[in-house]
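Visitor: let's see this in three dimensions:
(one chain, ligands or ions: 1)
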Amino acid sequence: MRYDNAVTRYMKKVLIGENPSDAEWYEHLLMFNRLHPGGTPKIFRPFTNADRRSSYELLARAVAAFGPAANVIDIGCGDGALVPDLRRVLPDALIVGVDISDVEIDAARLKVDDKRVRFIQAHAAKLPIASDSIDAVVSHLALMLMPDVNEVLLEARRILRQGGRLAFVVDHPGGRDEDSMAMFANAGASIRAQYPGFAQKNPGDQNFRDATAIDEQLKTLGFHNVVMTSIVTTAQLNADAYWEFFASTYVIGM
Ligand SMILES: C[S@@+](CC[C@H](N)C(=O)[O-])C[C@H]1O[C@@H](n2cnc3c(N)ncnc32)[C@H](O)[C@@H]1O
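Guide: Okay, here's the model as predicted:
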């Protein structure tokens with residue numbers, strides 16, 4: 001199995017317990033996307049809930065539950081993995097995927113063959129999209145990685161029309177099962193054996209993995225009818241898949 005991590009300024013600081021800047025995080029993220037384009041669906045697509053639905057499918061169904069949408073923006077779309085799930089439930093919508101990474105956008109354009117889909121390389125806080133023009137903004141496993149998520153949510157609100165909807169899935173460590181907790185603790189311990197200063201800390205806005213804090217933030221920003229649902233998904237991973245998980249995640253030690 002290939003394991004070719006690039007050593008970024010972000011990684012060096014995290015390993016010795018220093019706080020990297022937002023710019024260093026984004027530099028690290030872009031480097032990792034370059035090494036592992038389309039990494040997220042490889043890891044997370046096999047994880048399903050008790051009804052055998054992935055978090056991609058659950059998010060698409062949640063957004064469609066509000067009725068038809070003429071247009072949908074997918075923030076942090078990666079290689080477009082959510083598009084088939086969105087298409088299944090919103091057959092007529094124009095879908096626009098936005099990602100900060102040129103490599104992910106290239107991968108998405110290669111992978112998705114659908115005339116009603118566009119991909120744009122942009123920072124999610126600065127979208128080249130008109131105000132009050134969008135029916136739905138969605139995001140799968142991306143907002144919790146953004147240190148500037150508040151600006152991103154303001155931007156989502158700007159482009160959403162009156163009555164538009166925002167639906168997203170974020171990872172929250174409190175929702176992990178015992179096996180995963182043990183897996184991440186072991187990974188952290190082996191990193192710490194070599195780098196005693198290493199502190200396990202997620203990148204992005206630290207509050208954006210906590211349902212209560214997210215709920216408050218959304219309400220403060222003017223979103224109404226906020227509903228939080230806990231999704232529990234599991235997968236049987238073999239040893240190669242575990243290794244792939246750690247080799248292709250940009251969150252060191254999780
Ligand atoms: C964990 S991946 C999720 C990809 C895809 N949504 C999925 O679930 O398969 C997070 C994605 O968010 C993108 N991203 C992170 N910060 C971003 C930002 N500020 N603006 C746009 N995209 C961003 C990353 O480049 C990456 O492709």
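
Visitor: tell me the contacts of residue 92?
Guide: Remark: with contacts taken as Cβ atoms under 8 Å, 6 or more residues apart in numbering, residue 92 is in contact with 68, 70, 116. (C-beta placed from N, C-alpha, C; glycine too.)

Visitor: using CSV, lay out the residues you listed together with distance to residue 166 and pLDDT.
Guide: Listed next are these as CSV, based on distance: Cβ to Cβ, whole Å; pLDDT from 0 to 100:
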residue, distance to residue 166, pLDDT
68, 17, 93
70, 16, 97
116, 21, 98
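
Visitor: among the residues you listed, which ones are in strands?
Guide: Using DSSP state E, no member of the contacts of residue 92 sits in strands.

Visitor: can you redo the residues you listed as JSON lines with neighbour count and distance to residue 123?
Guide: Formatted as JSON lines, the contacts of residue 92 follow (neighbours: other Cβ atoms under 10 Å; distance: Cβ to Cβ, whole Å):
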{"residue": "68", "neighbour count": "12", "distance to residue 123": "29"}
{"residue": "70", "neighbour count": "13", "distance to residue 123": "25"}
{"residue": "116", "neighbour count": "14", "distance to residue 123": "24"}
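
Visitor: adding distance to residue 242, write those residues out as CSV.
Guide: Formatted as CSV, the contacts of residue 92 follow (distance: Cβ to Cβ, whole Å):
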residue, distance to residue 242
68, 41
70, 42
116, 37
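
Visitor: redo these as JSON lines? Include distance to the ligand.
Guide: JSON lines is the format used below for the contacts of residue 92 (distance: Cβ to the nearest ligand atom, whole Å):
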{"residue": "68", "distance to the ligand": "22"}
{"residue": "70", "distance to the ligand": "21"}
{"residue": "116", "distance to the ligand": "19"}
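
Visitor: tell me the one of these nearest residue 84?
Guide: Closest approach between the contacts of residue 92 and residue 84, by Cβ to Cβ: residue 116, at 12.6 Å.

Visitor: so that closest one touches residue 91, yeah?
Guide: No: contact criterion Cβ atoms under 8 Å: residue 116 and residue 91 do not qualify, at 9.1 Å.

Visitor: mind naming the longest helix for this protein?
Guide: Ranked by residue count and defined by DSSP state H, the top helix of the chain is helix 178-194.

Visitor: that one: which residues count as buried?
Guide: By neighbour count on 16 or more other Cβ atoms under 10 Å, the buried set for helix 178-194 is 183-184, 187-188, 191-192.

Visitor: likewise for stretch 228-238?
Guide: Of all the residues in stretch 228-238, those buried under the rule 16+ other Cβ under 10 Å are 233, 237.

Visitor: mind checking the pLDDT average for the longest helix of the chain?
Guide: Average pLDDT, helix 178-194: 85.

Visitor: just checking, what packs against the helix or strand just after it?
Guide: Later in the chain than helix 178-194, the nearest helix or strand by DSSP states H and E is helix 211-220. Packing partners of helix 211-220 (3 or more Cβ pairs under 8 Å, 6 or more residues apart in numbering; DSSP states H and E): helix 149-159.

Visitor: could you say what helices and strands the helix it packs on packs with?
Guide: On a contact count with 3+ Cβ pairs under 8 Å, 6+ apart, helix 149-159 meets strand 71-75, strand 134-140, strand 160-169, helix 211-220.

Visitor: if you count neighbours, what's buried in the strand or helix carrying residue 32?
Guide: For residue 32, the host element (DSSP H and E) is helix 22-35. Neighbour counts over helix 22-35 (16+ other Cβ under 10 Å) mark 24-26, 28-33 as buried.

Visitor: repeat for stretch 76-85
Guide: 76-83, 85.
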